[in-house]
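Chemist: okay, sequence plus prediction incoming.
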Amino acid sequence: MRMRKKADLPRKTCAACGRPFVWRKAWAKVWDEVKYCSDRCRRSRKAGPATASPGTDRLRGA
């Protein structure tokens, strides 16, 4: 198997953060199912965008 340049690898956009990410060998068998660039984005998918929830500013004394 020949080495490929990183620029030649398939790309996707992360469903959580919107950043582009490239194919990894670990994802070879499940590339069609990959939606997130990292475990952090996968865990935060239910939380939505990284914003403060209502009421947290009261805890800070604001």
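Modeler: Thanks, I have it.

Chemist: from residue 17, how far off is residue 42?
Modeler: 11 Å (CB to CB, to the nearest Å). Using the backbone N, CA and C atoms, a C-beta is placed for each residue, glycine as well.

Chemist: just residue 32 next, same as before
Modeler: To residue 17, residue 32 is 20 Å away according to CB to CB.

Chemist: out of those two, which sits in the busier spot?
Modeler: residue 17 (15 against 8; other CB atoms under 10 Å).

Chemist: list the residues that contact that one.
Modeler: For residue 17, the contact set (CB atoms under 8 Å, 6 or more residues apart in numbering) comprises 37, 41.

Chemist: before we move on, what SS does it have?
Modeler: The three-state label given to residue 17 by DSSP: H, G, I helix; E, B strand; the rest coil is coil.

Chemist: before we move on, what about the one 4 residues further on?
Modeler: Secondary structure for residue 21, judged by three-state DSSP, is strand.

Chemist: shouldn't it be in contact with residue 11?
Modeler: Yes: proximity of residue 21 to residue 11 meets the contact threshold set by CB atoms under 8 Å, at 7.0 Å.

Chemist: these two: which has the busier surroundings?
Modeler: residue 21 (18 against 9).

Chemist: quick check: chain neighbours aside, which residue is closest to that one?
Modeler: Nearest non-adjacent residue to residue 21, counting by CB to CB, 6 or more residues apart in numbering: residue 37, 3.9 Å away.

Chemist: if I pick the one you found, what's in contact with it?
Modeler: 14, 16, 17, 19, 21.

Chemist: try it again at 6 Å.
Modeler: Contact partners of residue 37, counting by CB atoms under 6 Å, 6 or more residues apart in numbering, are 14, 19, 21.
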